[in-house]
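Trainee: make a model of this:
(chains A, B and C)
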Amino acid sequence: MIRNLIKNKQQNEGVEALSSDERRHFLKMGLKLTGVFAGGSLLSLASVVEKVYATPGQFNDKYPYKPHYSMIMHLDYCVDCERCIEACAVTNDIPKYGFRTNILERQIPDGIDQQVEFMPVLCNHCNVAQCARVCPTAATYKNEQNGIVMMDVKKCIGCLSCQLACPYNARYFNEEKWAVDKCNFCFDTRLSKGEDLTACAEACPAGVRIFGDISDQRSRVYREVHQVSRTVWVLRPEAGTKPNVFYTRG
Amino acid sequence: MKKLLLGTILLGLALMPAFADDSGGDIHYDKPVIGVLFSHASHVEEAGLDCDNCHDDLFPMEARAVQEEQDFNMLALSEGRYCGACHDGEMAFASSTRCASCHEGAIGFRRALGLNDSGDRH
Amino acid sequence: MANGTVTSSLTLGEIESALVGRLRSGGNGYYVAVLFSGVLMLVGAIAALYATVGGHHTVYNVTREIPWGVLISGYIFFVVTATGLCLVSSIGHIFGSKTFMPIAQRAVFLSIVTLMSGFFVILAEIKVPIRMLIYNIISPNFTSSIWWMGTLYGLALCLMIFEFIFLIIGRHRPAIACGFVALLAEIAAISNLAGVFGLLNGREFWHGPYLPIFFIASAMMVGASATIFFQILAQKVNGEPFTPMMRTCLAGARKVAILMICIILFFTIWRTVSTLVGMPNGQYVGVMAMLTGPYALSFWGGEILMALLAPLVLYLLSRGTNIRMMLIASGLMLIGAFFMRYNMVIVGQIIPVYIDLHVTGFTELLEYFPSANEIIITLGGFGLTGFLFLLGEKIFNGHKVEDH
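Mentor: Numbering: from 1, shown residues only, chains lettered A, B, ... in the order given. The predicted model follows:
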């Protein structure tokens, strides 16, 4: 028995014993891994779309909603004037202690051209929304038509497990509503009333936030996300939530 | 003699901030958008500009007076007014690039002036 | 079950006088303990009511980034202990091991009591408990670990109450049936409780399949210790000598506890080693916070020393016969287990979700320390357990079980 095991082990030792197919597969895997690690959180366009949505060839399933609301952020245009935060607060009645969208600041002391970069964040309206999965009463859910992650305020029991599950810190408890509150792409306040843009996208003086229907190939969101020469990434891809907010520069 | 030398050095050290103040210090604009930093130190000491390079033709001496002008915005800069007189891509980097090198943002503004998140002083 | 059969043929008045008689049989120490735990429970309840009505944000220290504080830790402590007690009691009266027979009824009762303490604490953590009662039933989400956990623990509580009633009226077949289903419900519930944390992709500190296994082993460990702890206390409360049967039982629970401590130690060591070697993002900083950071005292003092090493040494030294040593060991374990839950819940959250983006405010560990109100409510949970345990000893006449 043990002798057999040793024998097998000896047979498996070394690359010579591998078939060429296996070797090719192994090398491919190595390349993929190096690609991921070399790029860090930066991913090329192809990998973003592949990673974020579906396998190639499932094009129709790539953007499962219609309209499939999405946003792409032009990071380097953001100057943290916070007009988006103010517009959001006014439009959606956000209390002082909370926010639906925020601007983060990244300090880069060894940056050559500038030493600071600003990063707008909001709910990523993930295709695989962890918050909607963990909610015990389905108070937060994916809208079946447009994919917006919504809140049904009256069902929220305030267990806050959605806040725990969200990899983007996009949720807070609204004491006035007695429910967790979050970005809904201004669905109740603007989109359902015929407006095309969210309050934050409209308020941005620098054109950082481009909002639109990514299932529409003529939309700017679609064209920018699918532009091969453009580097596009998402935040925390490793969380596997398939977010719908993209980031780019330029 | 030693005492005199030491005294001179101490006096010099004591006066340094005063000299820095004389060159204008940091100006934090909050119009038309909040959080734009103009650093006299980096323009005078590092870039070697003189006062009369900018004053009073491009900017009045009074700090932040210029932000009350209606046309003090990025469009004017791109047309060569205000900062755009130098920041044209030739003399200095163009005003349409490196946004966050001047825009410290609301975060930077609050930090520099010691305000908390809601804009009140700590 | 002489006691049970007698009760069922008594009139209400006779039951009352029997109960009063039993309650009066306690010594001064007993009354002080009842009073103390009762006050603790009441103050906790008032603090919880105050927080729920006035709004949690006014009195709790939890934040947007750290929404789950000491109350969730307390909840987990109580329900994991409840599962452990249920598991240990099952060895006796469901699977028929003679060793654990004498403690079966008490363990079932304590499992009910600790589960109720858990529910008490989590009611104070849920912000809108009224909606929970309605929408958990009419709008269930079957992908939610929390829903399963809550529902299964609720089911387990009902089943164990039935089991207990059947036990005291001496009907063993239905008691065993209820106990068996309750056991399954508790095991399913605790694994879902672990799933609440373990299924979160975005939280590397918790994510993975190891938490459910850890929770079950941990439940057995704490359950065995809770059995020993309350058994010894009960003997003192009732002023009864340790019979050879009881000694065999304590020695058996001690063996279970020792085995489980070793498993948990093994687990903790390997988890730490794998984190230190691989330095996985989001997990490494958490483990370091416990090894050398702000949670070092809570980890080394609470989790390692009080919950694992000290009980292990004391249990071994006691040889299963030194009652005092076993009481200290099990008491230390219960306190240490609370720190274990606390570390697990809090350290998982002090790691900012944006830590890898290197953005201002989220580059370092976040801070949390429970407010006085939160601590009082948690202590209230302990008060509830103590109060009901003490009352139960007298009302149910020391949970005496006849050999069948």
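
Trainee: count of residues packed around the residue in the stretch 101-250 of chain C positioned nearest to chain B?
Mentor: Nearest to chain B in the stretch 101-250 of chain C, going by Cβ to the nearest Cβ, is residue C:127, at a distance of 23.3 Å. No exception for glycine: its C-beta is placed from N, CA and C like everyone else's. By other Cβ atoms under 10 Å in any protein chain shown, 24 other residues sit near residue C:127.

Trainee: what sits against it?
Mentor: A:157, A:158, A:159, A:160, A:173, A:178, C:52, C:56 (Cβ atoms under 8 Å, 6 or more residues apart in numbering or on different chains).

Trainee: okay, and it sits in which element?
Mentor: Under DSSP states H and E, no helix or strand contains residue C:127.

Trainee: swap in residue C:255?
Mentor: With DSSP H and E as the criterion, residue C:255 is inside helix C:244-278.

Trainee: equivalent analysis for residue A:180, please.
Mentor: In this assignment (DSSP H and E), residue A:180 forms part of strand A:179-181.

Trainee: and that strand, does that touch chain C?
Mentor: Yes - Strand A:179-181 lies within reach of chain C by Cβ under 8 Å from any Cβ of the partner chain, at residue A:179.

Trainee: quick check: the gap between residue C:115 and chain A.
Mentor: Summarising the geometry, the distance separating residue C:115 from chain A, computed by Cβ to the nearest Cβ, to the nearest Å, is 18 Å.

Trainee: just the element for that residue, please.
Mentor: Taking DSSP H and E as the criterion, the element that holds residue C:115 is helix C:104-125.

Trainee: restrict that helix to CA atoms and write it as PDB.
Mentor: Written as PDB, here are the backbone C-alpha positions of helix C:104-125 (Å, rounded to 0.1, in the frame of the first residue of the first chain):
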ATOM      1  CA  ALA C 104     -30.000  16.100  31.200                       C
ATOM      2  CA  GLN C 105     -33.000  17.900  32.500                       C
ATOM      3  CA  ARG C 106     -31.000  20.800  34.000                       C
ATOM      4  CA  ALA C 107     -29.000  21.200  30.800                       C
ATOM      5  CA  VAL C 108     -32.200  21.400  28.800                       C
ATOM      6  CA  PHE C 109     -33.500  24.000  31.200                       C
ATOM      7  CA  LEU C 110     -30.300  26.000  31.100                       C
ATOM      8  CA  SER C 111     -30.300  25.800  27.300                       C
ATOM      9  CA  ILE C 112     -33.700  27.400  27.300                       C
ATOM     10  CA  VAL C 113     -32.600  30.000  29.800                       C
ATOM     11  CA  THR C 114     -29.400  31.000  27.900                       C
ATOM     12  CA  LEU C 115     -31.300  31.100  24.600                       C
ATOM     13  CA  MET C 116     -33.800  33.400  26.200                       C
ATOM     14  CA  SER C 117     -31.000  35.600  27.500                       C
ATOM     15  CA  GLY C 118     -29.600  35.700  23.900                       C
ATOM     16  CA  PHE C 119     -33.000  36.800  22.600                       C
ATOM     17  CA  PHE C 120     -33.200  39.400  25.300                       C
ATOM     18  CA  VAL C 121     -29.900  40.900  24.300                       C
ATOM     19  CA  ILE C 122     -30.500  40.800  20.600                       C
ATOM     20  CA  LEU C 123     -33.900  42.400  21.000                       C
ATOM     21  CA  ALA C 124     -32.000  45.400  22.300                       C
ATOM     22  CA  GLU C 125     -29.800  45.300  19.300                       C
END
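
Trainee: please state the offset of that helix from the chain centre?
Mentor: Averaging C-alpha positions (Cα atoms, centre = their mean, to the nearest Å) puts helix C:104-125 7 Å from its chain's average.

Trainee: show me what that helix is packed against.
Mentor: Identification of packing neighbours for helix C:104-125 by 3 or more Cβ pairs under 8 Å, 6 or more residues apart in numbering or on different chains; DSSP states H and E yields helix C:28-54, helix C:70-93, helix C:145-168, helix C:210-238, helix C:372-395.

Trainee: got CSV for the ones you listed, with distance to residue C:267 too?
Mentor: Shown next, in CSV, are the helices and strands packed on helix C:104-125 (distance: least, Cβ to Cβ, whole Å):
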stretch, distance to residue C:267
helix C:28-54, 32
helix C:70-93, 15
helix C:145-168, 21
helix C:210-238, 6
helix C:372-395, 26
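
Trainee: residue A:234: which of those is closest?
Mentor: Comparison of the helices and strands packed on helix C:104-125 against residue A:234 by Cβ to Cβ identifies helix C:145-168 as nearest, at 25.3 Å.

Trainee: report the inter-axis angle for the closest one versus helix C:70-93.
Mentor: Interaxial angle, helix C:145-168 versus helix C:70-93 (axes from the mean of the first three to the mean of the last three Cα atoms, to 10 degrees): 40 degrees.

Trainee: okay, the angle between helix C:145-168 and helix C:372-395?
Mentor: For the pair helix C:145-168 and helix C:372-395, the angle between their directions (the same axes, to 10 degrees) equals 20 degrees.

Trainee: buried sites along helix C:145-168?
Mentor: Buried residues in helix C:145-168, counted by 16 or more other Cβ atoms under 10 Å in any protein chain shown: C:145-153, C:155-157, C:159-164, C:166-168.

Trainee: ok, that helix near chain A or not?
Mentor: Yes - figure legend: helix C:145-168 in contact with chain A (Cβ under 8 Å from any Cβ); contacting residues C:145, C:146, C:147, C:150.

Trainee: what sits against the one residue in chain B that gets nearest to chain A?
Mentor: Per Cβ to the nearest Cβ, the residue of chain B with the smallest distance to chain A is residue B:105, at 2.6 Å. Under the criterion of Cβ under 8 Å, 6+ apart, the contact partners of residue B:105 comprise A:79, A:80, A:81, A:82, A:103, A:105, A:116, A:118, B:34, B:35.

Trainee: any idea how far residue A:122 is from the first one?
Mentor: To tie it back to what came earlier, the one meant is residue A:79. Distance, residue A:79 to residue A:122, using Cβ to Cβ, to the nearest Å: 17 Å.

Trainee: okay, those two: which has more neighbours?
Mentor: Taking neighbours as other Cβ under 10 Å, residue A:79 and residue A:122 compare with residue A:79 leading, 27 against 23.

Trainee: might one say that that one is in contact with residue B:103?
Mentor: Yes - shown here, residue A:79 and residue B:103 form a contact pair, counting by Cβ atoms under 8 Å, at 3.5 Å.

Trainee: now do the SS call for the closest residue to chain B within chain A.
Mentor: Chain B sits closest to residue A:80 of chain A, with a gap of 2.6 Å, by Cβ to the nearest Cβ. Secondary structure for residue A:80, judged by DSSP: H, G, I helix; E, B strand; the rest coil, is coil.

Trainee: that one: how many residues sit nearby?
Mentor: Residue A:80 - counted by other Cβ under 10 Å - has 27 other residues nearby.

Trainee: picking that back up, pull out the buried positions in the helix holding residue C:255.
Mentor: Burial within helix C:244-278, assessed by neighbour count using 16+ other Cβ under 10 Å, is assigned to C:246, C:248-254, C:256-258, C:260-261, C:263-265, C:268, C:275.

Trainee: next one: residue A:69 from chain C, what distance?
Mentor: As defined by Cβ to the nearest Cβ, residue A:69 lies at a distance of 21 Å from chain C.

Trainee: that residue bridge partners, please.
Mentor: Beta bridges link residue A:69 to residue A:213, judged by DSSP bridges.

Trainee: that one contacts residue A:143, doesn't it?
Mentor: No - under the contact definition of Cβ under 8 Å, residue A:69 does not touch residue A:143, with a separation of 9.2 Å.

Trainee: and the residue of chain C nearest chain B?
Mentor: Of all residues in chain C, the one sitting closest to chain B is residue C:360 (7.0 Å; Cβ to the nearest Cβ).

Trainee: just to revisit the earlier point, which non-adjacent residue is nearest the residue of chain A closest to chain B?
Mentor: For residue A:80, ignoring the flanking residues on the chain, the nearest one in space by Cβ to Cβ, 6 or more residues apart in numbering or on different chains is residue B:105 at 2.6 Å.
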